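Colleague: task: produce atomic coordinates for the following.
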Amino acid sequence: MAGADSFSPPIESRSDLIEAMSKGSKPASEWRIGTEHEKHVFHTDPLRPVAYEGPNGIRALLDGMSAATGWQPFLDEGNPIGLWDMDTMGGISLEPGGQFELSGAPQPDLHATAHETAEHIRVAKEVAAPLDIHFLGLGVTPLWSVAEIERMPKSRYGIMAPYMDKVGTLGTSMMFRSCTVQTNLDFSSEADMVKKLRVSLALQPVATALFANSPFVDGKDSGYLSYRSHIWLNTDHDRTGMLPFAFEEGFGFEQYADYALDVPMYFVLRDGHYINVAGESFRDFLEGKLSQLPGEKPTKRDWNYHLGTIFPEVRLKTFLEMRGADMGDEKSVTALSAFWVGLLYDEISLEAAYEMIKPWTEEQRDEMRREVPKHGLATPFDRSNLYDIAAQAVGIAEAGLVRRGIRNADGKDETIHLAPLEETIRLAKSPAERWLDLYRGEWNGDLTKIFKAAEI
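Modeller: Below you'll find the predicted structure:
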């Protein structure tokens, strides 16, 4: 039997569950921007996915990145599965299919965020080039099936993948062949968290439409503009979705904790090993009733791990995680953070966005979420469509960034990072629609061309 988690104190009361989120509250002067992005990896000679082992594999890429950056590897059963920068708290991790993820360090502004992303991509490409490893900026890999993509040696994925097949139809597609961009933002209080969560939940389908960038799957037009977003609708209804209870009167940290308690567990980590408890109840764990760990009760770290295995459109931990966007090119990574910072980190913009979404009903929000993977900006809404809402939201975000007044060395404010969205609004076409134009036109249905066109 695995021993108890001696590195974390036990959960003593309900307040410990709430504190795991509420302790993130901080004054606006301490708010930061965290940006995470995942990139597909591929070889070109011949065109194929990248394996973990071998002289040109993912493990070799991690070793090269460690040597180039000085970041320290972390291991799973002796295998390097990521890197950690102890100074900045940033890191690199592997997703199940080898997707290469930067978990950016907390940054003070969008200019610093853009610099961090650019520097990471520069170093990654420099290290990857001799290995014939390339990076693809799309929401879903366009050619390969789940079966054709090698699983990375992370123990937790051996637990998650079989469970995904039990509870949804596309969970393993989410794991092995999807890539996202995520923005992580702070809040000052419970009330501030609630307002920001409501705005970002309601507008998450708008972000999906603006950043839609996964129209292809299995070598053909999928019929969706964001197939990645469609995947999430068919992954696991117990741990995904639009969190309608967040719009109810009285919602706060405690109500989110109640929700999380009812999301089935995946695993418990003991002595460096993952114990499969997939489908079990954290409430039972609190009472020492897990058959896999009889009599043992959870620690605070167990609860934090559990909170990280919940995948709603916006996830609450000690900060808010925006989870609705497809991966794109380098500039689109910072554009996502620019969109949300402009909306949520300026009081006037936050209030304007809240007034915009406040009249929307649960049915309207859910319908928008269901329809946006297929229709994107053309998704019908009220008496118009999502394009009008998206244009308004980008305008509110831009005004918020102007008011922040943070300039780079060239004297330009943070609105420069909204350029990809302004182009989408000008063209009234998402990146996905622009790829489809090429696919149906000059590419004549040859999807191999996208590996060069969308290479980061």
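Colleague: switch to C-alpha atoms for all contacts and neighbour counts from now on
Modeller: Noted.
Colleague: tell me which element the closest residue to Leu316 other than its chain neighbours falls in.
Modeller: Spatial nearest neighbour of Leu316, excluding adjacent residues (C-alpha to C-alpha, 6 or more residues apart in numbering): Met21 at 7.0 Å. Following DSSP states H and E, one finds Met21 within helix 14-22.
Colleague: show residues contacting that helix.
Modeller: Helix 14-22 has contacts (C-alpha atoms under 8 Å, 6 or more residues apart in numbering) with 11, 189-190, 253-254, 257, 300, 303-304, 316-319.
Colleague: these: which two are farthest apart?
Modeller: The span of the contacts of helix 14-22, defined through C-alpha to C-alpha, is set by Ile11 and Ser189 at 22.9 Å.
Colleague: those two - which one has more neighbours?
Modeller: Neighbours were counted for Ile11 and for Ser189 using other C-alpha atoms under 10 Å; Ile11 has more, 17 against 14.
Colleague: the more buried one contacts Pro298, doesn't it?
Modeller: Yes. With contact defined as C-alpha atoms under 8 Å, Ile11 counts as touching Pro298 (6.2 Å).
Colleague: for the stretch 1-150 of the chain, what spans make up the strands?
Modeller: Counting by DSSP state E, counting those that start in this stretch, the stretch 1-150 of the chain has strands at residues 33-44, 47-49, 72-76, 79-84, 91-94, 100-103, 134-136.
Colleague: in CSV: those, plus mean pLDDT.
Modeller: Listed next are the strands of the stretch 1-150 of the chain as CSV, based on pLDDT from 0 to 100:
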stretch, mean pLDDT
strand 33-44, 98
strand 47-49, 98
strand 72-76, 95
strand 79-84, 97
strand 91-94, 97
strand 100-103, 98
strand 134-136, 98
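Colleague: tell me which of these lies nearest to Ala147.
Modeller: Of those, nearest to Ala147 by C-alpha to C-alpha is strand 47-49, at 11.1 Å.
Colleague: coming back round to it: report the buried residues of the helix holding Met21.
Modeller: Within helix 14-22, the residues that count as buried by 16 or more other C-alpha atoms under 10 Å are Leu17, Ile18, Glu19, Ala20, Met21, Ser22.
Colleague: contacting residues for Gly98?
Modeller: His40, Val41, Val50, Ala51, Tyr52, Ile58, Glu150, Arg151, Met152, Phe176.
Colleague: for Glu433, same thing?
Modeller: Contact partners of Glu433, counting by C-alpha under 8 Å, 6+ apart, are Pro215, Leu225.
Colleague: tell me how far Pro373 lies from Gly324.
Modeller: Distance, Pro373 to Gly324, using C-alpha to C-alpha, to the nearest Å: 10 Å.
Colleague: chain center to the helix or strand of the chain with the lowest mean pLDDT: distance?
Modeller: Using mean pLDDT, DSSP states H and E, strand 384-385 stands out as the lowest-scoring helix or strand of the chain, at a mean of 92. Taking C-alpha atoms, centre = their mean, to the nearest Å, one finds the center of strand 384-385 at 27 Å from the center of the full chain.
Colleague: look up phi and psi at the spatially closest residue to Gly328 that is not a sequence neighbour.
Modeller: Nearest residue to Gly328 in three dimensions, chain neighbours excluded: Gly137, at 4.5 Å (C-alpha to C-alpha, 6+ apart). Torsion angles at Gly137 (phi, psi; degrees, to the nearest 10) stand at phi -100, psi 70.
Colleague: right, and Glu455 touches Gly137 too?
Modeller: Yes. The pair Glu455 and Gly137 qualifies as a contact (C-alpha under 8 Å) at a distance of 6.1 Å.
Colleague: which one's more surrounded, those two?
Modeller: Gly137 (28 against 18).
Colleague: enumerate every residue touching that one.
Modeller: Taking C-alpha under 8 Å, 6+ apart, one finds Lys39, His40, Met327, Gly328, Asp329, Ala454, Glu455, Ile456 in contact with Gly137.
Colleague: for the closest residue to Glu38 other than its chain neighbours, what are its contacts?
Modeller: Of all residues not flanking Glu38 in the chain, Glu101 sits nearest, at 4.2 Å (C-alpha to C-alpha, 6+ apart). Glu101 is in contact with Glu36, His37, Glu38, Lys39, Ile92, Ser93, Leu94, Glu95, counting by C-alpha under 8 Å, 6+ apart.
Colleague: surely the third one touches Gln99?
Modeller: Translated: Glu38. Yes. With contact defined as C-alpha under 8 Å, Glu38 counts as touching Gln99 (5.9 Å).
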